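**Student:** Using only what follows, build the 3D model:
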Amino acid sequence: MAVERLPDLNIPRSSHTMVLSPGGEPVVFGGHTTGFVPTQTAEYFEGGTWHEIEMLYCHDSGFFVPLRDGRVLLGGGSAEPFGIGQSWGTELYDPASHTFQAMPTLDRKRALANAAELEDGSVVVSGNWYADDAIEIIRPGGQFEYAGEVSEQRVKPYIIPTGPSDALVFGPFGVRNDTLHVRVDRLRGGPMDVPLLAEWRPVLVGDGFDARSGRIGDTTAGDYSYLVLGKRKDGKYALILMHGDEFSLLPLAADIPVEGLEGRIDYLGPVLADRNSRQAWVVGSEESLTGRVCLLRIGYGEALDGGEAPVTLFYTDPLVENYNLGGLILLPDGTFLAAGGMPRDNFNPFSMVYRFLPEGGEPWLPAEKSRLPWLLGLLCGALAGGLAVFAGYRLRRRLSRPSAGLTEEPHSDDSLFARTNALMEERQLYKQKGLSLADLAQQLGSNTKYISASINSHSGGSFTDYINGFRIRHAQELLCANPGRNLSEVSEESGFSSESAFFRNFKAITGKTPSRWIAEQQSSV
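**Tutor:** Numbers count the residues shown, from 1 in each chain. As a prediction, this is how the structure comes out:
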């Protein structure tokens, strides 16, 4: 993987936060510098230079939340050098003026906390370090409210929105770095145990975590789906698929590689998901601390379509001994940027800034007047073409294999699609939850490869799109017959695995929510 060295930060830093502003400039906030001393400064990159500005507080190991209006909320952090204590302070960064505005204090002092903004504009905060944890909410007006106790005291928890005003809170480690059972707290409801998390423990996220980085669902359609990196006791990694409060493993075409060129690879959270290309990225480094950066790409879209996600590993040459990334963001051109970082001893942070480029990438400077969508650097940079140079790992199996005894070419692709349509209409197989290509192949006496190719060429979409089209049409028939029918029942009878999947696909296909569609049908009568 090609690497470009950009100008160094003015101040070496670790335990800091980095985001991409709406104007396209990377901005680095707080953290600690040489000697484990907190720094009350931020830096933004413009015109090929890092410009230093004063903050109100240090936020060494604090939390941050990029808000929808383009500003950044920062809060908490260690109160003293050496990562000691916790702090109260919060502030808002305005990227248009490069200024900071004081906010009310937190409900309690915090360090190593995380936060997430909900659709209703509230911000959920939880997590602490060597102090009591609880959940609090910051209302849009800036008021801080106690929201309830937690079932486990956590450090740097995942806070995953699951609705306009709801979220899940969970994590693998406690406030004193103790190992937790991994219970899941719900903002709107009691705690719950998830058996999957007992086997595949979520990987601890680093500094500068934003829950939406792993979001793969369209929340405007009611789909709150996320990817979280999990690790098992035997050292294997997997991607955990969260759909609301349901947890499952994402089907992968191969195991996530754990052996690098010079030792085992240690992967870090969070997952960086690109919903445009339906790919996700995880960063790792060799445990031997060679300074080699690894990036793992997972094509999660193929798994959501009923197949298995291909896995590809990219890596750099060794950069600097003991180098660990100081966070990673996506740039507008689809490359990755890392600034600063934590060495083994934590007393001598790095100031280097690296850009990881696709093959043949051009030198980059942020456009001073650009108005890129907020969070582009964190969530959905255009990753067309992926990262190259990729060295050695192309870990992908065939998505499906012909059924036994069915390896000959079909007589007619048109005939196969006609038989598929007839079967769907007559037997209403789409009403079967979890219907797979293999199920359809068994019914048709064909194989998954031929059926998938037939559906793709005739319908212009994937197998999943094809099946969901039948399901939505059936749902529309049910709603026309009885507009007042419970939507949960309609979702169930139409074959959807969850109500959120029903809402997501209904809007994707019709362009309207079920309620809006029903209202328009009634008004046209």
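
**Student:** Leaving out sequence neighbours, find the closest residue to S497.
**Tutor:** Of all residues not flanking S497 in the chain, K433 sits nearest, at 5.4 Å (Cβ to Cβ, 6 or more residues apart in numbering). All C-beta atoms are positioned from the backbone trio N, CA, C, and that covers glycine.

**Student:** A helix includes that neighbour, no?
**Tutor:** No - under DSSP: H, G, I helix; E, B strand; the rest coil, K433 falls outside any helix and is assigned coil.

**Student:** so where's the longest helix in the chain?
**Tutor:** helix 463-481 (DSSP state H).

**Student:** what helices or strands is that one leaning on?
**Tutor:** helix 448-459, helix 487-493, helix 499-510, helix 514-523 (3 or more Cβ pairs under 8 Å, 6 or more residues apart in numbering; DSSP states H and E).

**Student:** Can you list the buried residues in the first one?
**Tutor:** Of the residues in helix 448-459, those scored as buried under the neighbour-count criterion (16 or more other Cβ atoms under 10 Å) are T448, K449, Y450, I451, S452, S454, I455, H458.

**Student:** now, which of these sits nearest P514?
**Tutor:** Among those, I455 lies closest to P514 (Cβ to Cβ), at 25.5 Å.

**Student:** Find me the pLDDT at the closest one, would you?
**Tutor:** I455 is assigned 86 on the pLDDT scale.

**Student:** Give me the spatial nearest neighbour of it, chain neighbours excluded.
**Tutor:** Nearest residue to I455, sequence neighbours excluded (Cβ to Cβ, 6+ apart): Y466, at 4.9 Å.

**Student:** wait, the one you found sits on S452?
**Tutor:** No - assessed by Cβ atoms under 8 Å, Y466 is found out of contact with S452, at 9.6 Å.

**Student:** And E425, which helix or strand is it part of?
**Tutor:** helix 413-427 (DSSP states H and E).

**Student:** Quick one: mean pLDDT over that helix.
**Tutor:** Helix 413-427 shows an average pLDDT of 82 in the prediction.

**Student:** Show me what counts as buried in it.
**Tutor:** Buried, per 16+ other Cβ under 10 Å, within helix 413-427: L416, F417, R419, T420, M424.

**Student:** Correct me if wrong: the fourth one contacts L440.
**Tutor:** Yes - shown here, T420 and L440 form a contact pair, counting by Cβ under 8 Å, at 6.9 Å.

**Student:** follow-up on the earlier one: out of the helices and strands packed on helix 463-481, which is the most enclosed?
**Tutor:** Ranked by mean neighbour count, the helices and strands packed on helix 463-481 are led by helix 499-510 with a mean of 20 (mean count of other Cβ atoms under 10 Å).

**Student:** quick one, that one and helix 463-481 angle?
**Tutor:** Helix 499-510 and helix 463-481 are oriented at 90 degrees to each other (axes from the mean of the first three to the mean of the last three Cα atoms, to 10 degrees).

**Student:** Domain map for the protein?
**Tutor:** Domain assignment for the chain by automatic domain parsing gives 2-395, 413-523.

**Student:** L204: which of the helices and strands packed on helix 463-481 is closest?
**Tutor:** helix 499-510 (27.6 Å).

**Student:** Tell me the helices and strands packed up against the closest one.
**Tutor:** helix 463-481, helix 487-493, helix 514-523.

**Student:** avg pLDDT for it?
**Tutor:** Mean per-residue pLDDT for helix 499-510: 82.

**Student:** Any chance you could list what contacts it?
**Tutor:** With contacts defined as Cβ atoms under 8 Å, 6 or more residues apart in numbering, helix 499-510 is touched by 217-218, 220-225, 243-244, 468-469, 471-472, 475-476, 487-488, 490-491, 494, 496, 512-514, 517.

**Student:** Which of these are buried? Put it as a ChimeraX command.
**Tutor:** Applied in ChimeraX, the following selects the buried portion of the contacts of helix 499-510 according to 16+ other Cβ under 10 Å:
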select :217,221,222,223,224,225,243,244,468,469,471,472,475,476,487,490,491,494,496,513,514,517
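
**Student:** Give the buried residues for whichever helix or strand L268 is part of.
**Tutor:** L268 belongs to strand 263-274 when elements are defined using DSSP H and E. Neighbour-count burial for strand 263-274, counted by 16+ other Cβ under 10 Å, picks out I265, D266, Y267, L268, G269, P270, V271, L272, A273, D274.

**Student:** So what does the residue most central in space within the chain look like in phi/psi?
**Tutor:** Compute the mean C-alpha point of the chain, and by Cα atoms, centre = their mean the closest residue is G214, 0.5 Å away. Note on G214: its backbone torsions stand at phi -100, psi 10 [degrees, to the nearest 10].

**Student:** Let me know whether it touches D274 as I believe.
**Tutor:** No - G214 is beyond contact range of D274, at 10.9 Å (criterion: Cβ under 8 Å).

**Student:** tally of neighbours for A102?
**Tutor:** By other Cβ atoms under 10 Å, the residues close to A102 number 11.

**Student:** where's T179 relative to P270, distance?
**Tutor:** According to Cβ to Cβ, to the nearest Å, T179 and P270 sit 20 Å apart.

**Student:** quick one on the thing from earlier: now do the shared contacts for T420 and L440.
**Tutor:** I451.

**Student:** Alpha carbons of stretch 246-258, in PDB - could you do that?
**Tutor:** Taking C-alpha atoms only, stretch 246-258 is exported to PDB below (Å, rounded to 0.1, in the frame of the first residue of the first chain):
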ATOM      1  CA  GLU A 246     -30.500  -8.200  17.200                       C
ATOM      2  CA  PHE A 247     -26.900  -9.500  17.000                       C
ATOM      3  CA  SER A 248     -25.500 -12.000  14.500                       C
ATOM      4  CA  LEU A 249     -22.200 -12.700  12.700                       C
ATOM      5  CA  LEU A 250     -21.700 -11.300   9.200                       C
ATOM      6  CA  PRO A 251     -21.000 -14.300   6.800                       C
ATOM      7  CA  LEU A 252     -17.400 -14.000   5.600                       C
ATOM      8  CA  ALA A 253     -15.900 -15.800   2.500                       C
ATOM      9  CA  ALA A 254     -12.800 -16.500   4.600                       C
ATOM     10  CA  ASP A 255     -11.400 -16.100   8.100                       C
ATOM     11  CA  ILE A 256     -10.000 -12.700   8.900                       C
ATOM     12  CA  PRO A 257      -6.200 -13.100   8.600                       C
ATOM     13  CA  VAL A 258      -4.300 -12.800  11.800                       C
END
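
**Student:** Please identify the buried residues of it?
**Tutor:** By neighbour count on 16+ other Cβ under 10 Å, the buried set for stretch 246-258 is F247, L250, P251, L252, A253, I256, P257, V258.

**Student:** All good on my end, thank you.
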